[in-house]
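[1] Using only what follows, build the 3D model:
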Amino acid sequence: MAGTLTRQQLIDMTSKHAYTSEQSLEHYADKMLASVGFLDKVAARSDMAPSVMLDLIAGNMIFTTKGDDEHGYAVIATMPGSEPDHTFVVKEDGAYRMVAGDKDRPDDNAPLGIEILYALDHNKPAQAKAMLDWRRDLTHKQGGDDAFGGPLLPRFWTIDSVKPGADSPASMRLAAISLIAGSMDAKPYLAEISAARDKATGLAQTDLDLLLALAAMYAEQPVLGMPAAQRLLDQEPDSLTALSLVGQGYALQHDAKGWQTMLAPRLARKPDDRDLLVQQALAYQLAGDWKSAQATEQKVLDTGKATAADYNGYAWIGLFHDDLGDDITKAAQESTQLSKNSGFAELHTLACIYAAQGKTTEARKVLEEAMYANNQVEPNSAVWYALGLIYEHYGANSAAVDAYKKVQAHENDNRTYIDPADTYILAQTRLAALSK
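    Model (predicted):
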């Protein structure tokens, strides 16, 4: 909070067994360090000295701990006016190290799953079960009308279940893998999931289809994931989760035509269906047809069910084909209002649009709000792009080039697929223009 935490200290206090490589652990540390020292910004907005605010926060924090060295420790930190912060800690190499938290730490599900698999592989079933129980206690079934919506873990783990074999090593492995399914780290386990799916029957087979489809898509293995995703969509044609997974498969295979063909009969039956229209807009983006994508997003706005993300999507598309009219600005402003000026994506889009329009003062102000909303002290790739636009309008082209070169396609991860609407694409476009 005070900004004194170093990168090496953060690495040293984090369990190495929760990451597949030293590079993955370093990527995690880099993500976390983006918010180190954020207390100064909070204090400035409260008209309070940082040292005074730190004393107030530290003086009112209460820590409670449950567990032991064999099982690990569930640590809860609370302070007035804030939700409790949960962290799981294990003893490793003679020191206590963090495995995962429940908030404010990016992508903690996968490290927890990897740590659980490590515990199982090293004859620590009690610790593996304790970690699964801890996460499951903090994870609730969701999904609403979507048969496949909500987190995966509740489908594979129930605390103190009476079902035979519910807490067997095999069951714990699948539950752990369900935590990894949203990351590239799931790739080594796809064959294991597929084998388990082939042996299962009934609801268990459906759950494993969902696990296989999710894990394969996020591991960028659409050939393995598409059959499972298609089975889910055939079973539940109205499931947004299944529809999105099939769409991911088409995107990963760069098959915009196949995606549109799949959507066409569904849109013919339900031309005003918001979820179908969103998918169609994404398919147009994959094809590089930005005008059609924006026209489709307009249909989404016209449904009366548009969310902040929908308005944000409509505005963001404008940057890809130099459409920066009043409708784009209004959509971006509406998205920030719907998100109560607290969403990084919405504020970032508005800042970029202002910057592209040459409204540098407004752009800088909104960009600062975006960084505050994201607890950022230093710029990330998205912020560097916005800064590049601002520098261009100041005529500082060399500074703009430096900023655009800092925009990464995959910040702190090992994916290879680049979304056609990624900030990286915009940055490369500007670099090409400036090189001329």
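[2] Which of the helices or strands spans A74?
    Using DSSP states H and E, A74 sits within strand 72-78.
[3] Please read the previous query as pertaining to A110.
    helix 109-121.
[4] Following that helix in sequence, what is the next regular element?
    helix 125-137.
[5] who does the following helix or strand past that next one touch, helix- and strand-wise?
    Remark: after helix 125-137, the chain's next helix or strand is helix 153-156, criterion DSSP H and E. Packing partners of helix 153-156 (3 or more C-beta pairs under 8 Å, 6 or more residues apart in numbering; DSSP states H and E): helix 125-137, helix 169-180, helix 202-218. The way it works is simple: take the backbone N, C-alpha and C, and place the C-beta from them, glycine included.
[6] Format those as a markdown table; extra columns: mean neighbour count, mean pLDDT and distance to M61.
    Formatted as a markdown table, the helices and strands packed on helix 153-156 follow (neighbours: other C-beta atoms under 10 Å; pLDDT from 0 to 100; distance: least, C-beta to C-beta, whole Å):
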| stretch | mean neighbour count | mean pLDDT | distance to M61 |
| --- | --- | --- | --- |
| helix 125-137 | 21 | 97 | 21 |
| helix 169-180 | 22 | 97 | 28 |
| helix 202-218 | 22 | 97 | 35 |
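[7] Go through these and name the closest to R155.
    Smallest distance to R155 across the helices and strands packed on helix 153-156 (C-beta to C-beta): 4.5 Å, for helix 202-218.
[8] Which secondary structure state is assigned to A166?
    Here A166 is coil, with the state taken from DSSP: H, G, I helix; E, B strand; the rest coil.
[9] for it, what are its contacts?
    By C-beta atoms under 8 Å, 6 or more residues apart in numbering, A166 lies in contact with T158.
[10] Give me the phi and psi for it.
    Here is the backbone geometry of A166 (degrees, to the nearest 10): phi -60, psi -30.
[11] where does the stretch 301-436 of the chain dip in pLDDT?
    412 (pLDDT under 70).
[12] What segments of it are helices?
    308-318, 326-338, 344-356, 360-373, 381-394, 397-405, 423-435 (DSSP state H, counting those that start in this stretch).
[13] what comes up buried for the shortest one?
    Read it as helix 397-405. Using 16 or more other C-beta atoms under 10 Å as the test for burial, helix 397-405 gives 400-401, 403-404.
[14] what's the angle between it and helix 381-394?
    160 degrees (axes from the mean of the first three to the mean of the last three C-alpha atoms, to 10 degrees).
[15] contacting residues around helix 397-405?
    Residues contacting helix 397-405 (C-beta under 8 Å, 6+ apart): 384-385, 387-389, 391-392, 427-428, 430-431, 434.
[16] Reformat the buried residues of helix 397-405 as JSON lines; add distance to L276.
    Formatted as JSON lines, those follow (distance: C-beta to C-beta, whole Å):
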{"residue": "A400", "distance to L276": "39"}
{"residue": "V401", "distance to L276": "41"}
{"residue": "A403", "distance to L276": "38"}
{"residue": "Y404", "distance to L276": "35"}
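[17] Could you measure from the closest residue to Q428 other than its chain neighbours over to I317?
    Closest residue in space to Q428, ignoring its immediate chain neighbours: Y404 at 7.7 Å, by C-beta to C-beta, 6 or more residues apart in numbering. Note on Y404: its distance to I317, by C-beta to C-beta, to the nearest Å, is 20 Å.
[18] go on, A427?
    Taking C-beta to C-beta, one finds A427 at 16 Å from I317.
[19] A119 now?
    For A119 relative to I317 (C-beta to C-beta), the value is 46 Å.
[20] got it, and A421?
    A421 sits at a distance of 7 Å from I317 (criterion: C-beta to C-beta).
[21] Looking at these two, which has the bigger crowd around it?
    Neighbours were counted for A421 and for I317 using other C-beta atoms under 10 Å; I317 has more, 24 against 18.
[22] give me the element L233 is part of.
    Here L233 is assigned to helix 222-235, by DSSP H and E.
[23] could you dump the contacts of helix 397-405 to TSV with neighbour count and distance to T329?
    Compiled in TSV, the contacts of helix 397-405 are given as follows (neighbours: other C-beta atoms under 10 Å; distance: C-beta to C-beta, whole Å):
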residue	neighbour count	distance to T329
W384	19	22
Y385	26	18
L387	23	20
G388	27	20
L389	26	15
Y391	20	21
E392	22	19
A427	24	21
Q428	16	24
R430	19	20
L431	16	25
L434	14	24
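[24] ok now do the closest residue to S339 other than its chain neighbours, which residues does it touch?
    Among residues not flanking S339 along the chain, A308 sits closest, at 4.2 Å (C-beta to C-beta, 6+ apart). Counting by C-beta under 8 Å, 6+ apart, A308 touches 334-336, 338-339, 343, 346.
[25] change it to 6 Å
    Shown in contact with A308 (C-beta atoms under 6 Å, 6 or more residues apart in numbering): 335, 338-339, 346.
[26] now it: how far from K124?
    In terms of C-beta to C-beta, A308 sits 44 Å off from K124.
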